[in-house]
Each structure stands twice: as structure tokens, then as C-alpha cells.
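Trainee: Need coordinates for the below:
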Amino acid sequence: MTKHILYTTIISILFLSCGSSDKEVKTITIEPSQAILKNIASNDFSIVLDDMKIDETENLIVHKHKYKVLELKNDSLHSTDKDWSVVNQSFFLNHKNDLGMEILSRHNGKVSTLAQPVGYGWAIGNSAHGEWEETSTDSTSTKSHGTSSHGRWRTHSTSPFFWLWLGSRRSFFRNDYNNYRTYNTTGRSYYGQNNNNTYTHGTRSSYQKKSRPSFFTRKSQNSTSWNNLEKRTSRSSSRYKSGSSTRSRSGGIGK
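Mentor: Numbers count the residues shown, from 1 in each chain. Sure thing, here's the model as predicted:
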């Protein structure tokens, strides 16, 4: 009798485990960020990843983003908070480290889908909006850069970005910006220095942990879904490739 109960328990655990791994993942035909791009006809703008979460029910896994849109209209900066939107699992995985960063932008007619610190591609370093001022210390400097690169960005009070930076209560240093430019020219997202897996920008930065505590609390409470994210994405990709291959072979036979 005892063995029977043990076997039943083991089978139940295996069944539940398999059921969890085979849950359907919700998909969409167009990413919300691309929809925003289409709806903003000509103004310069940036889409900032303001929050993200994974909702999971008994049969379905849903990946969601929340965006903040920064748009320049007639030399004024307009900030719009968007509601939660469903995104595809692979897109969610690609941006899991980009909390608080721009994930899509258009400036001077150029569209960029490279994740980057807010404003680095269009406001910081732009003399029309501010200037570098010398400082005695630079928290991002290293010996290899020398003292000539010390500096902190000061936004002009007449710039449309002035209140944005004032509200962030964050300093931007020249060394950090120079490193960003090096990464950007080679098509790589820049997250800043890596000290024990803590970065200057993005999800892994101490700044985001302080400014968005609700995200990290939610993520910790739903750690299983986050830990299995890459496994699920890999599994979905494998199934898709297998299905595509099958359809291709079927099509060949039909001709």
C-alpha cells in the first residue's frame, strides 16, 4: 500500500512538471513598440522600457512590457506612460536586461532598435542641449582614461530635456558616455561597468534596483518563470523550426 502511494505521488509530480513546461505561450503578430513607431508620423521620440512582467495561469504564459514614450513636439518634450502590452517571448528575452533603457528610437530621421541608456543617442553630448563641465571626481573613470576625460553633463535650463534629467536625479559622466559611443558604433548595447554583475545601466544596475523596487519584488516572487525563460524560448524555437521544416518538406512533395 505504501509503495502504491509513493508511485502515485511520483507520477503526479511528473505529470504536473510536464504540464507546466508545455503551457501555451501567448504570441502576437506585431510588437507594440513597432506599432508606436508606425503611429508617430515624424517627430523624434524614444520608447523607454518602464516595466516588465510574466503572467502565468494554469494553461497560459503571457509576457508583458510597459513603456514610457518620450516625444519631441515643437521643441517640447512630452512624456506618455503606456498601459501594459503583450509582447512575444523572444522579444521579452532579448530585452530582459534593458529595464529603464530606450529599446527603440527615431532621431534625425534615423530609427534605432539598439537598447541604449536614455538620451545618450540624442540629448547627452549634444551641445544644443548642454555641455560637459569639469569635476574633481568621476565615478566612472579609470586610470586608463586619464584626467582629461573627467566631466559631468550639465543640461541647459532651456533644453526640453532639462526637467527630465532633473527628475531622474542622476549624473551622467563623460567617461561613461565615451564608452557608450564605442559600443554604439559597433552595434552593441552599452550597460556600463560590470562590478560583480552590477552595471551602470539597465536591469542589472543599482540605479534601477533603487528606482523600480516593485519590479524586483515581483520578479523575485515569480522567479521560476524568469529562470525558465531561456529554456522556454529555446524550446519554442526548436518546435517552430521543426514545424517549418515539416511544412517545407510537405510543400516539396506536393509540387
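
Trainee: Hmm, Ser85 and Pro32 touching each other?
Mentor: Yes. If you go by Cβ atoms under 8 Å, Pro32 and Ser85 touch, sitting 3.8 Å apart. The way it works is simple: take the backbone N, C-alpha and C, and place the C-beta from them, glycine included.

Trainee: Downstream of the lowest-mean-pLDDT helix or strand in the chain, the next helix or strand is which one?
Mentor: The weakest-scoring helix or strand in the chain, judged by mean pLDDT, DSSP states H and E, is helix 2-21 (a mean of 49). Note on helix 2-21: by DSSP states H and E, the next helix or strand toward the C-terminus is strand 24-25.

Trainee: which helices and strands sit right next to the helix or strand just after that following strand?
Mentor: Following strand 24-25 in sequence order, the next helix or strand is helix 32-39 (DSSP H and E). Using 3 or more Cβ pairs under 8 Å, 6 or more residues apart in numbering; DSSP states H and E, the elements in contact with helix 32-39 are strand 45-56, strand 60-73, strand 85-87, strand 102-107.

Trainee: Show the model's pLDDT score for the residue minimising distance to the centre of the chain.
Mentor: Nearest to the mean C-alpha position of the chain, by Cα atoms, centre = their mean, lies Asp98 at 2.7 Å. As predicted, Asp98 sits at a pLDDT of 98.

Trainee: That one: what's it in contact with?
Mentor: Leu49, Ala115, Ser189, Gly202, Thr203 (Cβ atoms under 8 Å, 6 or more residues apart in numbering).

Trainee: Measure how far stretch 123-130 is from the centre of its chain, please.
Mentor: 24 Å (Cα atoms, centre = their mean, to the nearest Å).

Trainee: Would you mark the buried spots in it?
Mentor: Ala123, Ile124, Gly125, Asn126, His129, Gly130 (16 or more other Cβ atoms under 10 Å).

Trainee: how near is the closest residue to Met52 other than its chain neighbours to Lys26?
Mentor: Spatially, and ignoring its direct neighbours in sequence, Met52 is nearest to His65 (5.2 Å; Cβ to Cβ, 6 or more residues apart in numbering). Noted for His65: a distance of 13 Å to Lys26, by Cβ to Cβ, to the nearest Å.

Trainee: surely Asp75 meets Pro160?
Mentor: Yes. Asp75 is within contact range of Pro160, at 5.9 Å (criterion: Cβ under 8 Å).

Trainee: about what we covered before: which neighbours do His65 and Lys26 share?
Mentor: With Cβ under 8 Å, 6+ apart as the test, His65 and Lys26 reach no residue in common.

Trainee: So if I had to pick from those two, which one is more boxed in?
Mentor: His65 (24 against 15; other Cβ atoms under 10 Å).
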